[in-house]
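*Asks:* Just to be clear, the model below is a prediction. Sequence and coordinates:
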Amino acid sequence: MASRISELVLDAADPDRLAAFWSEVLGYVEFHREEDGSIHIGPPGVGFGGPQPTLVLSPSSDPRPSKLRLHIDVNPTDRDQDAELERLLALGARTADVGQTGTESWHVLADPEGNEFCLLRTRLQPL
């Protein structure tokens, strides 16, 4: 028996803003809101429990102490890495420096609240 990742939870100063950003990045839709303001997003028509993990954007006013110990990697599905990089930057991502050398095959970015994530080169088939 094994486990699989069903949800990733991100603390957010502005859950609505991050839900909108990550929904656009991943092609996700909002499918649930908690009374505490948490927003659940996931693949359209699937929601929780599907093959891709859902994201929960949880309201938090706690300051982020430092670099996150976990980050998200994304891969383009319908365009090359350069075109996807342009799209992500237009959505509000920004480049981030975490000490990379400049020779990496991936781009380090940050979402609108500064959470680092990487755009990898390999194009994946959409689910």
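*Replies:* Looks like it arrived, so ask away.

*Asks:* domains for this structure, by residue range?
*Replies:* Per automatic domain parsing, the structural domains of the chain span 1-60, 70-127.

*Asks:* Test my guess that L57 contacts G42.
*Replies:* No - counting by C-beta atoms under 8 Å, L57 stays clear of G42, with 11.7 Å between them. For the C-beta atoms, the positions are set from N, CA and C on the backbone; glycine is no exception.

*Asks:* Nearest spatial neighbour of E34, chain-adjacent residues omitted?
*Replies:* The shortest distance from E34 to any non-neighbouring residue, by C-beta to C-beta, 6 or more residues apart in numbering, is to H40 (7.6 Å).

*Asks:* who's in contact with that neighbour?
*Replies:* H40 makes contact with E7, E30, F31, H32, R33, E34, G47, F48, T54, L55, V56, according to C-beta atoms under 8 Å, 6 or more residues apart in numbering.

*Asks:* before we move on, what about A110?
*Replies:* A110 makes contact with A93, R94, T95, A96, E116, F117, according to C-beta under 8 Å, 6+ apart.

*Asks:* Out of those residues, which is nearest to V25?
*Replies:* Relative to V25, the closest of the contacts of A110 is A93; by C-beta to C-beta it sits at 7.7 Å.

*Asks:* Name the nearest residue to that closest one, ignoring sequence neighbours.
*Replies:* L109 (4.4 Å).

*Asks:* returning to that earlier point: may I ask which helix or strand encompasses the residue nearest to E34?
*Replies:* Following DSSP states H and E, the helix or strand that holds H40 is strand 39-42.

*Asks:* Give the rounded mean pLDDT of that strand.
*Replies:* Averaging pLDDT along strand 39-42 yields 97.

*Asks:* ditto for stretch 63-81
*Replies:* Averaging pLDDT along stretch 63-81 yields 85.

*Asks:* cool, stretch 90-105 as well?
*Replies:* For stretch 90-105, the mean per-residue pLDDT is 94.

*Asks:* Mind listing what's buried along that stretch?
*Replies:* Residues G92, A93, A96 are the ones in stretch 90-105 that count as buried (16 or more other C-beta atoms under 10 Å).

*Asks:* Over to stretch 27-35?
*Replies:* Result for stretch 27-35 [16+ other C-beta under 10 Å]: buried residues Y28, F31.
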